[in-house]
Every structure is written in structure tokens, then in C-alpha cells.
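Participant: let me see the structure of the following:
(one chain, ligands or ions: 1)
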Amino acid sequence: MTEQEQILHLREQLHKHNHNYYVLNMPTISDQEFDGMMRQLQELEALHPEMYDENSPTQRVGSDLGNEFATVRHSRPMLSLANTYNLQEVEDFYRHVREELDGAEFQICCELKFDGLSISLHYEDGKLKRAVTRGDGTQGDDVTQNVRTIKSIPLQLPKDAGFPREFEIRGEVLMPWQSFERLNMQRERDGEPLFANPRNAASGTLKSKNSMVVAQRGLDAYLYFLLGDELPSDSHWQNLQEARKWGFKVSDKMILAGSMEEIAGYIDHWDKERKNLPVATDGIVLKVNSIRQQKSLGMTSKTPRWAIAYKFQAEQAETILRQVVYQVGRTGAVTPVANMDPVQLAGTQVRRATLHNADVMAALDLHVGDHVLIEKGGEIIPKITAKACPSAPGSLPIRFVSKCPVCGSALVRYEGEAATYCPNETGCTPLILGKIEHFISRKAMNINSLGPETVDDYFARGLIRDAADLYSLREEQLISPTLADSKSVRKILDSINESRDVPFERVLFAMGIRFVGEIAAKSLARHFGSMDALAEASVEDMLRINGIGNVIAGSVRKFFDDERNKDFVRRLREHGLRMSASREQEQLLSNILAGKGIVISGVFRHHGREEYKSMIERHGGKNLGSISGKTSFVLAGDNMGPAKLEKARKLGVRIMGEDEFLAMLADTGGPDATGEA
Ligand code: IVH
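Facilitator: Have a look, this model is predicted:
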């Protein structure tokens, strides 16, 4: 089965089980099996965004998997607005309203169009009763618990504020730029994917199953529409002023316009000024102010005739394309980037723009020297949207590269994915760095004193070639007069050291086997109990686990069949990382040091101290802190402390050098004895 077929199959199965459980009350599989299938589907869908289906079981995930919000019907449908993109269309709207109202006076309320997601709030006796997302306009998700954490939404209105007993107020939940930037910085540090814009971030947050997460993310809400049977006024504008008095956040940027000139002035003003607002806006909303007049204008099937949205033009600029270069990301994805003559756009000078992927690039049919139009969209990096004029005759067409610009490997495209990848996971620098970053990330080994820059620096200095090398780092290698003092180095080494206690399932996740996410790693670790058992497991063995399908099983098998990966695992083991669910299960390499107590002292050349400690344990020995009569021998590197040396001599304790020690272990069991090939 292809992954796409698996997705369809799982959806069908889950729909059936869902019905059995939730409707018929007669489940035919265990909750655990159900959860496993659901997780597998979630993982596959995450890999295949093009297979998105709003009716997928993952979109209404039941029980403790969370994300389940009750579906609620809106008492009045939540309409959207017709969009216009130029002043001409706004004038058409204005003229149409004037004609329909038959010469009666009218005012237009001009408002900012906030770029978040719309929300409907119901209040009874001044208490927030329910908060529902727009959904399909007829029904939405009950997100009351999450909305309660948004501090600018009042939960209880002041008693004598004069609000109606029952009313609905609608508005926009959004994430202010400041919260958005903070969140993305945090996610970058944690190795999590970034949100493209504040709207996506707000929407992802509001739909989080964990309202504590929502609470921490600093969402905000502006209210712009009051509904109910007993409203304070016929004026929409006046109603919002009242709502502000009741405690709602209502924008103070709205005006009442009495002419087309005023409307045009408002649009012009905010088209420029919106850059200085604390929240994202994507246009202007124009509403006939009198509710009586709104009613007489009525609506079309989908949108009211009394309101319209004017969408801001993304700012554009024209410049000349000089060259396309290719960036290899940390996942291996290769992104084409255009180098252009510098040009001013939305307040900054731009000389580079993304071309996203091979398909986008091919569609633009670019040639060197083309005049191109660039735009800043919802994303932070500008993009080329079109050629400003046909390419010059004889100009050089630009084709997507076939080889990795960093390592020269032939690039690949996986079925159903837009990106082109460098497949050289163990040999291409950005991929290696990406793997190390993943390894140290919070949910993996949680080596939190190390950041991506430090990792890059160690790699560039040749101190590490992969994540396993982190465990061989020594203090004297890391201290540098400009970059790191001994205190911060100590901190880094401590947190590397502490990570040796990270449970096996997270070690497995940290190794970065393709498709093995946190959940799959947990299932595999629990089922097989140890790295050795997993490394020997067949695809069929793995398929017996709930939540593990062909994609994951195949990838795990492939990983362990690769000699380079075997070597990587061997080295992690040697460094004392947990290779099984419990310590007892960890195999001893030999018993040659059984009953021996060993003290380590001095600076070593071949391995780090911690490695030697772990070797001692894995050969049955015990690490001792200080020399005494019970000490069997001292494993000594260079510059052993004079006090220790003296004490060892006095007690007649044998002193063994690094080479002799390694030779002894090598005698015990062939190549694996020290954990190294
Ligand atoms: S009024 C019937 N006012 O834009 C009128 N909407 O396509 C309902 N929006 O779904 C909407 N700012 O999410 C209105 N000041 C504003 C708005 C606004 C943003 C959003 C809202 C709505 C969409 C309209």
C-alpha cells in the first residue's frame, strides 16, 4: 500500500470504529488499538498535507486524544464578506448602497480588517456562556475553555453596565506580532516548525486541546459586531461604543464616513499606517451603519449587501533577477532563492526572494536578467510572483539543480511532496547539523545548554562530526577566550552528561530515524524493550504494533541495515546512553572487570572520562570516587593529580595507562569490546 492508500484505509477503519463506539456504543477494538490507529493516521496526514480532508477522523479526534470540541450551531449564521481589491469596486459598492436606500441619508462605518480567526461569544446575565469558532458559517467548534484563557475577553461583565440580558458579540481572535515573534523564537529553540504568520499561529493555538498552552501564548481579541434582540442603538458604531463600556476590546480606529472621499482617505491612511499596528490587518471593512438600513439592504446567499471588505494590496516592487542559488535546509529540503538587484519594498531593502520549490520555479519560467515582480505576502521572506515582461530573446533559462549544492548527491523528490531533497543524511553538512539539533532538542535528549549556533561552531571547528561526538567533548577543547568561559563550558558538559539518563524511548526518538516521531518511538521502545531487539526486528515484527505501519517499519529497518547508522548506535551505546527500557536489560559487554573498583584520574587522549566510566560499567566494573584500599586500579591519563598519585603509591594501588586499559578490553570480545569498531 502507498502512504496515500494507507491514509484512506485508516480513515475508513476509524470512521467505522468511531461509529461503533460513539453511536452504537459497541466498540469492537480496544481503546488502545483505536488510539494507535489514530496516531498513525495523524502522522501520515502530517506527512501528506495534500491529503487534507475536513472529514478525516483526525479532525474530530475523540476521547483523551483531545482536540475534540463539541460542534455548535450558530443561532445566526456567521457570514463572510465579499472582497474587493481596488477603489473602483468600493465605489461600485457605495453607489449600489445609495441607490438601494433610495436617496436616504446613510453613513459607512470604516473599520480595520483584523487578520485572525472569527469568534462568536454568547453572554447571558453578563457571563460568558459560550465561545464558538466560525466553522463553516452554520456550525462551529465550541472553544469556550480555550477562549476563557484570553485575557482581553471578559468572563463576567460589571453588574450595572447596562448590557442586555442576552446577546452575542463577534470579533477576531488574533496573535499580536509581539507574541507571534516570541512564540516562533521559542519554537525555533525547541526545534519545532515555525508558524508562517500570526493568523496560523492564532488558529493553531485556539484549537489546541490544552488550554494551558493557549493561556501562555498571549492571544488577543477585537470585537466588531454586536447581535441580539434588544440592542442599545440602531447605530452599529454606537453599539460597539457601548460594548466597549461593558468591558470588550473594541478598536478605537473606526470612523463614521459620510462620503466616498472620506472612505478613500481612510483606506489610504491605513494602507500605510497599518505597519505600525501591534496586530496584523489585511484590509478595511466597510459597513452601512444603521441596522435598520442593513436589514433593508439584506443579503445574497453568502454575504451581506450592507458590508464589504477592501483587501490591501501586498506591496509590490520590480527588479532584475540575476541568479538563482539553492539553500539546503536542515531537513534536506532544497529551496531555490533568487538573487536580485536591490529594491525597496515595504520599508526594507530586498535583494533576495524565495522561489519555494521546483514546481513554483518552473511555473514562472525564469531567465537570467528577467524583470520580475516581488511581493511580501503573509510570509516574512518576499517572493517572486511574476515576470514583469517576457524574457529577453536568447536569455539563459534557469533550471532547478539536479545535484545537492553542498555535497553533490543526486537530489530526490518523494511522492506527493512539493520539496526536493538531498538524501545524504549522514554526509551533507546541513542535514548533519539538523540531525544534531534534533538530537539535542527538548523532546529528545534535552541538552538545553547547547544551542544551534554552538553546535554549528563545534562542527565547524571539527570537534564533532555527529551527535555521538558530543559525549567525547572535553572541557579544554571548548574553552576559548572570546566565546566561552569555563563556567558556561561546564554547564554544557553537565547537561550533555545528564542526558545519559534520558530514557530509551527518547534516545530512540533523538536518533532521528525518518518518520519515527515521538509517539512511534515510544511504541517501538515499549514493544521491543531494547535497541538490540529493535535492530533485529523485521518489518513484520514491527507491523504487529498498533500505530506502526509500513512507512515507519520500513524506515526503521532501513536505518538499522545501514552500516553508518549501526556505527552511530554503537558509539551512543559506548557513551553510556540508555539502550533499553530498563538498566537491567542493558547487556554487559564482558565480565572482565567484575568485582573491580576503579578510579579515573587525569586527562585522556582517546576517549572522554564519561566514556571510560561507561566502559568500566559495561565490562562489569564499578567506578569509585577516591582511592582507598578497596581500589583495584587507577585508570590514569596525563597530568594525574600529585596527591592522588602519592596516595596510590602509598596504598600500593596499581596505575594503568589508557592504552593498556583499552588493550585489555579489546582482548575480551573482539571489535565490540570498547564499543568501537
Ligand atoms: S464583520 C457580516 N468586521 O473578516 C459581517 N469582519 O470575510 C461579518 N474580520 O469572517 C464580519 N475584521 O473574520 C467584520 N472589523 C471587522 C473584521 C472582520 C476582520 C474578518 C472576519 C470575517 C471576515 C470577513
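Participant: would E646 count as being in a helix?
Facilitator: Yes. Counting by DSSP: H, G, I helix; E, B strand; the rest coil, E646 is found in a helix.
Participant: next, count neighbours for it.
Facilitator: Neighbour count of E646, defined by other C-beta atoms under 10 Å: 11. For the C-beta atoms, the positions are set from N, CA and C on the backbone; glycine is no exception.
Participant: quick one: low-confidence residue ranges for the stretch 351-500 of the chain.
Facilitator: Low-confidence segments of the stretch 351-500 of the chain (pLDDT under 70): 377-380, 481-484.
Participant: quick one, helices of the stretch 401-550 of the chain?
Facilitator: For the stretch 401-550 of the chain, helices defined by DSSP state H, counting those that start in this stretch occupy the ranges 429-440, 452-460, 475-478, 486-498, 504-510, 518-528, 531-536, 539-543, 550-561.
Participant: outside of the third one itself, list whatever touches it.
Facilitator: The contact list for helix 475-478, computed with C-beta atoms under 8 Å, 6 or more residues apart in numbering, reads 458, 463, 484, 486, 489-490, 492-493, 603.
Participant: in the sheet, who's paired with the closest residue to the ligand within the chain?
Facilitator: Here the chain gets closest to the ligand at one residue, S118, 3.2 Å apart by C-beta to the nearest ligand atom. When bridges are called by DSSP bridges, S118 pairs up with E172.
Participant: going along the chain, name the helices of the stretch 51-200 of the chain.
Facilitator: Taking DSSP H, counting those that start in this stretch, the helices of the stretch 51-200 of the chain run over residues 87-100, 144-147, 177-189, 198-206.
Participant: deepest of these, which one?
Facilitator: The highest mean neighbour count among the helices of the stretch 51-200 of the chain, using mean count of other C-beta atoms under 10 Å, belongs to helix 198-206: a mean of 21.
Participant: can you tell me if that helix touches the ligand.
Facilitator: No. Helix 198-206 lies out of reach of the ligand by C-beta under 6 Å from any ligand atom, never closer than 9.8 Å.
Participant: who in the protein is up against the ligand?
Facilitator: Close to the ligand, as judged by C-beta under 6 Å from any ligand atom, the chain has residues 79-81, 111, 113-114, 118, 134, 172, 224-225, 285, 304, 307, 309.
Participant: give the ChimeraX command for selecting the buried subset of those residues.
Facilitator: To isolate the buried ones among the residues of the chain next to the ligand in ChimeraX, judged by 16 or more other C-beta atoms under 10 Å, type:
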select :79,81,111,113,114,118,134,172,224,225,285,304,307,309
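Participant: next up, the contacts around the residue of the chain closest to the ligand.
Facilitator: With contacts defined as C-beta under 8 Å, 6+ apart, S118 is in contact with 78, 133-134, 170-173.
Participant: look at the residue nearest to L524 when sequence neighbours are not counted and report its pLDDT.
Facilitator: Leaving out its chain neighbours, the residue that sits closest to L524 by C-beta to C-beta, 6 or more residues apart in numbering is L534, at 5.9 Å. What the model reports for L534 is a pLDDT of 95.
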